[in-house]
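In: here is my input; please provide its structure:
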Amino acid sequence: MRRQASAKIPTRWGMFEMISYADNADNPMPHLALVAEKFDVNKQPTLVRIHSECMTGDLFGSKRCDCGEQLDIAMQQAAERGGILIYLRQEGRGIGLTNKLKAYQLQDQGFDTVEANTHLGFQVDARQYAIAVQILEDLGIRQIELLTNNPDKIDALDHSPVEVVKRIPIVVPAKKENALYLHTKKTVMGHLF
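Out: Below you'll find the predicted structure:
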């Protein structure tokens, strides 16, 4: 995994440098680091959000999950505090968009998000965070304040050269469309709200 390209990106939250990471320059779906304009590598710990792609929530504003709202909060906080958002291309907890839509169909039939994934033959959560560690190391980050509710991200970083100094939860109020989803994340997947 190597840094492939970067450019300044003005966003509604502020100015960020977007850096693409992939094994080769021809990869059309690179992982991304969005580095806030106020970022200073000498001021650590750095506020970091490791966010896995959720096209339905991030791009289209789906209310089935809280992903888009978490992304919005993280971008705002990163802009304010000179932080970094790492955007990992592992849609649907690692099962891809098509399978995620199939899981949504099962959820409409009464399955929860965990049952739907396992019914389709997938792990509950197939995401990997080693790439995020590589990106943080490339950016010179040694200590972070991690914006997350997911204990798997904390565990992945606990076994890396990057030290999590503090966990900061991202709490998004439940809606009728995602109340069961958030309940399952908390009670079955152990997310920390």
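In: okay, CA-based contacts and neighbour counts for the rest of this
Out: Noted.
In: could I get the full set of helices for this protein?
Out: Under the criterion DSSP state H, helices of the chain are mapped to 67-81, 91-94, 97-108, 113-119, 130-138, 151-158, 179-187.
In: excluding residues flanking it in the chain, which one is nearest the residue nearest the centre of the chain?
Out: By C-alpha atoms, centre = their mean, the chain has its centre lying nearest to His51, at 1.1 Å. Leaving aside its chain neighbours, His51 sits nearest to Tyr87 (5.0 Å; criterion: C-alpha to C-alpha, 6 or more residues apart in numbering).
In: so who does Gly96 touch?
Out: Gln90 (C-alpha atoms under 8 Å, 6 or more residues apart in numbering).
In: I'd like the helices of the chain as a markdown table, with mean neighbour count and distance to Asp58 appended.
Out: Shown next, in a markdown table, are these (neighbours: other C-alpha atoms under 10 Å; distance: least, C-alpha to C-alpha, whole Å):
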| stretch | mean neighbour count | distance to Asp58 |
| --- | --- | --- |
| helix 67-81 | 20 | 4 |
| helix 91-94 | 20 | 11 |
| helix 97-108 | 16 | 13 |
| helix 113-119 | 19 | 18 |
| helix 130-138 | 18 | 19 |
| helix 151-158 | 16 | 19 |
| helix 179-187 | 17 | 16 |
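In: residue ranges with poor pLDDT in the chain?
Out: The chain contains residues with pLDDT under 70 at 179-190, 192-193.
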